[in-house]
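Visitor: show me how the following folds:
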Amino acid sequence: MAKASSKKNSSSPHAGTGDDESARGRLLSAASHLFCKNGINATGIDAIIEEAGTAKTTLYKLFGSKTNLVNAVLEREGRQWREWFIGAMEQGGGDAQAKLTRIFPTLKSWFAEERFYGCPFINAVGEHDKDAKQFRTIALKHKKIVLAHIEKLAGELGSTEPAVLAHQLGLIIDGAIVAAMISRDPGVADTAALTAGPLLNLTKARKRRGADQLETV
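Guide: Model (predicted):
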């Protein structure tokens with residue numbers, strides 16, 4: 001899920017702190033790649049430390065357990081993905097419809113990446129006990145932030161029920177992510193855009209009719 005992130009260059013005089021920060025970044029990147037590619041349950045500590053080039057003691061010193069590492073990975077993945085996704089919608093400005101219609105071309109570019117393995121949150125919930133709250137809680141937190149931004153734009157577009165429109169678009173987004181993961185076809189984003197188009201056009205048309213009615217009063 002994650003997009004490329006810049007590495008933090010520490011100017012701290014404490015070498016140990018810098019070493020830990022570097023090792024932490026390597027462990028998070030290695031775990032993120034392996035969890036997304038192979039699954040959380042299928043990825044052992046030894047595989048992570050081998051890819052990260054660190055010692056097992058370093059992993060436990062920094063994270064304490066694999067569970068804590070998983071939580072840290074999902075938190076970082078969510079933060080980076082949201083920054084990328086919301087940034088892509090907002091880039092170039094325009095009205096709310098212009099920003100919302102950027103959703104699916106943005107997803108298509110993600111689907112086309114060599115390391116696209118689907119959504120880590122969907123994958124994490126899918127491979128664990130469905131009664132467990134640990135991953136669902138993190139996934140819902142991530143989803144609420146994304147939907148809140150879409151809901152804000154839906155309100156600007158003129159939707160009378162922006163939360164409903166946001167959830168409709170969210171379902172289309174989630175469906176496209178799963179379909180792209182299974183099919184390995186970035187073109188499913190185009191189909192998703194066709195599905196979402198009438199929802200956006202209808203909302204904008206209603207806003208236009210409302211504005212016209214006000215002018216005639």
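Visitor: need the contact list for residue 116.
Guide: Going by C-beta atoms under 8 Å, 6 or more residues apart in numbering, residue 116 touches 110, 180-181. Just so you know, the C-beta spots here come from the backbone N, C-alpha and C atoms, and that holds for glycine as well.
Visitor: quick one: secondary structure of the most centrally placed residue in the chain?
Guide: To find the centre residue of the chain, average its C-alpha atoms and take the closest one (C-alpha atoms, centre = their mean): that gives residue 81, at 4.0 Å. Here residue 81 takes the helix state, with states given by DSSP: H, G, I helix; E, B strand; the rest coil.
Visitor: on that earlier part again, which one (most neighbours) among the contacts of residue 116?
Guide: residue 180 (23 neighbours; other C-beta atoms under 10 Å).
Visitor: and the nearest residue to that one once chain neighbours are set aside, how many neighbours?
Guide: Nearest-residue entry for residue 180: residue 111, 4.1 Å, with adjacent residues in sequence omitted and distances by C-beta to C-beta, 6 or more residues apart in numbering. Residue 111: 22 surrounding residues under other C-beta under 10 Å.
Visitor: ditto for residue 88
Guide: Residues within reach of residue 88, counting by other C-beta under 10 Å, total 18.
Visitor: before we move on, what about residue 119?
Guide: Residue 119 is surrounded by 24 other residues when neighbours are defined as other C-beta under 10 Å.
Visitor: repeat for the one 3 residues further on
Guide: Here the count is done by other C-beta under 10 Å, and residue 122 has 17 residues near it.
Visitor: and what of residue 164?
Guide: 13.
Visitor: tell me which helix or strand it sits in.
Guide: Under the criterion DSSP states H and E, the helix or strand holding residue 164 is helix 162-183.
Visitor: so which bits of that helix are buried?
Guide: Using 16 or more other C-beta atoms under 10 Å as the burial criterion, the residues of helix 162-183 that qualify are 162, 165-169, 172-173, 176-181.
Visitor: go on, stretch 24-41?
Guide: The neighbour-count criterion (16+ other C-beta under 10 Å) identifies 24, 26-36, 40 as the buried residues of stretch 24-41.
Visitor: got the contact list for it?
Guide: 1-2, 7-8, 43, 47-49, 51-54, 58-59, 62-63, 69-70, 72-73, 76-77, 115, 117-118, 120, 123-124, 127-128.
Visitor: among those, which are in helices?
Guide: Assigned to helices by DSSP state H, the following of the contacts of stretch 24-41 qualify: 47-49, 51-52, 58-59, 62-63, 69-70, 72-73, 76-77, 120, 123-124.
Visitor: filter these to the buried ones?
Guide: If you count burial by 16+ other C-beta under 10 Å, the buried members of the ones in helices among the contacts of stretch 24-41 come out as 48-49, 51-52, 58-59, 62-63, 69-70, 72-73, 76-77, 120, 123-124.
Visitor: just the terminal-to-terminal distance for stretch 91-101.
Guide: The stretch stretch 91-101 measures 12 Å between its terminal residues, going by C-alpha to C-alpha, to the nearest Å.
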